[in-house]
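Trainee: Compute the structure for the input listed below.
(chains A, B and C)
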Amino acid sequence: MAIQTAEIKPAVPASPLPGIWKTFSRNRIAVFGVAMLIVVVFVAVFAPFIAPFDPKSSQGVGTSDIYNPPSAVHWFGTDDAGKDIFSLFLYGARVSLMVGFFASFISVGIGGTIGLVAGYYGGRVENILMRFTDTMLVIPDLPLIVVIVALTKPSLLNIIFVIGIFGWTTTARIVRSQTLAVKSRKFVLRARGIGASNPHIIRHHILPLVMPILVVNAILVISTAILNESTLSFIGLGDPSAISWGQMLNFAFSRGAMSAGAWWALVVPGCGIVWVVLSLTLLGHGLEQVLNPRLESHHLMPGKPTVQSEAVEVSDETSDAPVLLDVRNLSVHYISDGQAARAVHNVSFQLHEGELLGLVGESGCGKTTLMMALIRLLPAAGQIVSGQVLFDGKDLATLSEEELMDVRWKGISIIFQGAMNALNPVRTVGDQIAEAIIKHTPAMPRGVVDARVVELLELVGIATEHKDHYPHQYSGGMRQRAMIAMALSCNPQVVIADEPTTALDVMIQAQILELLDSLRKRLGLAIIFVTHDLGVVAEMCDSVLVMYGGVTAEYANVDTIYNMPQHPYTQELLKAFPDLTKPEKKLASIPGYPPKLDALPSGCRFAPRCPVAFEKCTIETPKLINVNGGHIVSCHLVENK
Amino acid sequence: MNRWHYLRKKAGWSFFTIVFVIVLNFFLFRVLPGDPARQGVRDPRLTQATIEAIRVRFGLDKPVINCVTTVNPLRLGDCGVNPLDTQFFIYVRNLLRGDMGTSFYYNRPVSDVLWERLGNTVLLIGGGQILAIIVGVLFGVFAAWKARTAIDYGALITGLVAWSLPTFWLGIVLLFWGSNHGFPIGGKSTPGMSSYPFLTQLGDILWHLLLPTITYTIVYMGEYMLIMRSSLLDVLAEDYILTAKAKGLSTFQVLKDHALKNGMLPLVTIIAINLGYTVAGVIQIESVFSWPGLGGALFEAVVRRDFPILQGGFLLIAVSVIIANFIADMTYSYLDPRVQTTG
Amino acid sequence: MPDEFILEVKNLKKYFRAGKQGLFSRREQFVHAVDGVDLQLRRGEVIALVGESGCGKSTLSLTLMGLEDATEGSIFFEGKDVTHLSDKERKSIRQRIQMVFQDPYESLNPTQTIETIVAEPLIVHNIAPTHDERRDRVVRALEDAGLKPAEDYLHRFPHQLSGGQRQRVVIASALVLEPHLLLADEPVSMLDVSIRAEIINLLAELRETRGISVIFITHDLGTVGYFADRVAVMYLGRIVEIGTMREVLTSPKHPYTQALLSVIPVPNPRLRKQRVILQGETPNPIEVPSGCRFHPRCPVAIDVCKQSDPRLFSISETHQAACLLLV
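Mentor: Numbering: from 1, shown residues only, chains lettered A, B, ... in the order given. This is a model prediction of the structure:
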């Protein structure tokens, strides 16, 4: 018996770096920051070559040179001692950069070490270190620095040292929290399980993941150090032998530049400071975006308009009950960078009153996209490119946002997976349920609303006393029940349940499923139940829609699907699913993995993994065939029969 | 552990920090090289006798703490000294009485000098912070809402630039511009105002307060805007926002009833952490605009090497920040119902 | 005979501190994560450890690995007492017990290449000192885990692999030390259904060819039906039923096992089972119910269940359950 291998190679070519360099160069803010920084460093390094005058010498300087405006000789004018400001400016860059760099070196060194040790070793060590850090954090650092430098000698070394030893607190906090986060990740636990020593783990696992954050923070610390140095110099605590930009401003301000109207003496050095600090800020911000990329969109971004289309009539032979929801040839694409990922293609189904439709598929099959599209909750990149969603006499796909707000929840509501984050953690559960009721029946008096909330909670088995509790005070099962109560609050006709029990224990799952079933019967609901669990589908559903790679593989009533499946994927999936009544049945698996939506195979999407695929399958996409009054299959094998 | 426990712990810790600051404050001025007496009165013509007299006057001849005449650990030993007669003890005792020593420069009690100025600083900070928060929050929310559009990038760049401006320099630029356009050159009020009616005086003070407040607002608004924006970007990507939208709420309702409260939480924490840095801003602004506040007092004390003022000012500022931090912690615990555990 | 059992666990307990109850109580509270577990495992045997969240199965595996320190009881591995060893002493044992975790996305360091990941155990234990020797072993381990050709995978990063492939890498890195015992903590729960069998079949294969014993922890009884020799059901820190796979799955004797089996959905729409749905949720392991810990939720509890805490009673030579009704 040979070991089954993972045959199909990954499509992505191997690259040495996880694409960070590429992302960096695409981030305009970071690149701009680097460019600005390079200019400053260049100026600082080559100041002696660029500067027309030597700022230390007073050669050829007379009283008539005091506060001269910018001219051809003195590009930035002269200062209160008649010296060329441009030259002073260039040399000033050196001081600022040097202080910034070395002071932050000290700060980051101290802070990083403290944070790492505290975060990794925990316990008493962490306690002491973090208490100390928090205390130092609260004490305002500039006054402290001012006091210390005032008491001691204002030399450059001193300034660097003092700024350095008081700038570590934020670094310590950030490094500690990042270390804690990394330490709790499974691969660190694995390393410990292998028997790795602490130094090994720190070096190979903790540091590489803490370093990016540390770098971003270090950049921030440098900019703060530069600002601190300028402020100190401005106050008069700078090193008189090293003219920094802050010093220049100090001289100008305290020696009458204002009254002399010598704006150049005031503006120019400040611009230097702003340039350096801004370059670092941009670089830091850009780096942070690169290292911690946020999702491209959020839920309140405007969506893309639906593409109107003529729908093909799909005859309905599945049931006599009235059709509540009629989805016809729906196709949804995700558009990013001009590329379209075809998430859902040409899917149709009808939902009748009182029916429980099971939507089955594995990761990436498009089932969640399909559900989101029904009530137009797609992310910003999603677009309905064809098809219709007929509900209550209207096509939901083309309704305006205002009209949609009416249909949502009142007509069709949804229960999300993993209710942990589906409920707002800072508002009470009762409040969130009431909110839905108030939105759709604004005339209802508050007392009646509250009574209804209690009624709903009782309906799902939550004691009234929990009404004013917060979601984190509920257990996982309770939260899901609360979600159900909320979903029923406006008496919808259709409820979409998106993997509502996937994250729950099997006993809690049984409770929830029983609840849903009894509510359905009592209230005459129609439910679309999205899941990957074939056992649940068999237990609860009337009809089943099996999706693969965004298309309908098979659509029929539950009995047909389980006892007479026609599509190879359905057949294979059933073989892969365990059956407790036949515990010794060896489970099959389907080699390979689901297709990437932006790189779909030509022809049938399942062909690469299909055990009975033939030549036609890789060339031509199979059509949806109506096998036997309501049994729809998309497979060439069925076509030929 | 519930909220009371949490707050009690925080209060205890704030108290400890204040004690730490008091001790630190004391030792700073003794540990660092430079004899306070010599430094305080820099006239080189002083004779040794006069210097000794000054030392006695300011209590600098007494042992620092028990058995240590200077803070030189090598000189420890039983020296039959009354611990209550040490500098440290006297310092603490006076502090509890509200006596922070006498200013070298003004020759008046430090507490008097600082107390007069405290109100002015509060005026400046109060107005500036409130404005900075309002403007920062509004722009931050707007930018996050319109993420990835030109508005967002514009706000982002504005925030980053504002954050990069040195406070004192911004003050100088505004002052320079202002003085050429009719604004006062500094100070709190125009000389000779005291004879005018109260409202006119008030108006005059507000006129003087305008530019410093604007400086303050610009500097801090940048940071608050950036934080609000990033925090709201995170919040708006959370599942409960999708739930709210699915319930049929309008965008405005979702922002108001779900996003804002969650988004504000990190901001409250940052405002608290920032309080220490706010003080840095105040020192700079007050010195540029000659605004008679605590920061300005600190600035002048540095120039004049007036150590009692420096010491007292630092203490007052640090204690205020610690208390403000505690208030922020308290506020946070009311806003976030998840706060129940050991901080 | 000492060689018969690769693992022997006697009355193992692991408690965690839970802080004091209220401000004025003196009594320290504990989370009774593992509360008296006995277990024996033979060479080449596969035992499935089944239970819902809070039953202590994960804590048990961490304690067996030595990643948590046992509060009470003893663990014997290959005849040696390994309950309280120092890190240094434990290191050599670690070569022979390896662990596979649930989350294939989190088990691998995203900044390391596959080669580095799989080679790490070799470096830690100073085996195969040269780079080439290490590479050979890594390649062999990857191929044994079904990743062929191994050379293709060496330079890739975890994010370039699918979930199933990542889990194979985890297994490969466990295999590279040639362990005798594998602790697999929900190794397939996060994988797609159609891929799960691959990994389980791989583990079965390894048992056949190398005689590796496996403790397979899961909440999903269905997946291990054909792979496990024995099944142990855990509830609130104790094993409440243990027996051969057939015994437990076809004739369960403990009410909890019976309820659990009755509610697991079966992919057969024509089968309408009689389901025993327990009310409420698993109690907090801080406050373990008196007497039989299952009695508050037990559909057939009698008075004596509230007072008496049952041990495991033998139903057959291999089948035991902790229920007073069996006495």
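Trainee: What are the boundaries of the strands in the chain?
Mentor: Using chain A. For chain A, applying DSSP state E gives strands covering A:323-336, A:339-352, A:356-360, A:382-391, A:394-395, A:412-415, A:494-498, A:526-531, A:543-548, A:551-557, A:625-626, A:632-633.
Trainee: um, chain C though
Mentor: Under DSSP E, chain C gives strands at C:5-20, C:28-42, C:46-50, C:72-77, C:80-81, C:97-100, C:181-185, C:213-218, C:230-235, C:238-244, C:313-314, C:320-321.
Trainee: Direction included, what does the fifth one pair up with?
Mentor: Put plainly, it is strand C:80-81. If you go by DSSP bridges, strand C:80-81 pairs up with strand C:72-77 (antiparallel).
Trainee: Tell me which of the strands of chain A sits nearest to residue B:288.
Mentor: Smallest distance to residue B:288 across the strands of chain A (Cβ to Cβ): 48.7 Å, for strand A:323-336. Every residue, glycine included, has its C-beta placed from N, CA and C.
Trainee: So which other helices or strands are in contact with that closest one?
Mentor: Using 3 or more Cβ pairs under 8 Å, 6 or more residues apart in numbering or on different chains; DSSP states H and E as the contact test, the elements touching strand A:323-336 are strand A:339-352, helix A:367-374, strand A:382-391.
Trainee: remind me which residues of the chain are low pLDDT?
Mentor: This is for chain A. Low-confidence segments of chain A (pLDDT under 70): A:1-22, A:24-25, A:58-61, A:63, A:65, A:295, A:310-320, A:418-419, A:640-641.
Trainee: nope, chain C please
Mentor: Across chain C, the ranges flagged by pLDDT under 70 are C:1-3, C:19-26.
Trainee: in it, which spans are helices?
Mentor: Using DSSP state H, the helices found in chain C span residues C:57-65, C:87-94, C:114-124, C:131-144, C:150-154, C:163-175, C:193-210, C:245-250, C:255-263.
Trainee: The stretch 51-200 of chain B now?
Mentor: B:87-96, B:110-145, B:150-164, B:167-179, B:198-236 (DSSP state H, counting those that start in this stretch).
Trainee: for the ones you listed, which one ends up most surrounded?
Mentor: helix B:167-179 (a mean of 22; mean count of other Cβ atoms under 10 Å in any protein chain shown).
Trainee: Report the angle between that one and helix B:198-236.
Mentor: Here helix B:167-179 points in a direction 130 degrees away from that of helix B:198-236 (axes from the mean of the first three to the mean of the last three Cα atoms, to 10 degrees).
Trainee: thinking in terms of the whole chain, how far from its middle is helix B:167-179?
Mentor: With Cα atoms, centre = their mean, to the nearest Å as the basis, helix B:167-179 stands 21 Å off its chain's centre.
Trainee: So chain C: which segments form each domain?
Mentor: If you go by automatic domain parsing, the domain ranges for chain C are C:2-18+C:27-96+C:179-326, C:106-178.
Trainee: can the ones you listed go into TSV with extra columns for mean neighbour count?
Mentor: Below are these laid out as TSV (neighbours: other Cβ atoms under 10 Å in any protein chain shown):
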stretch	mean neighbour count
domain C:2-18+C:27-96+C:179-326	19
domain C:106-178	20
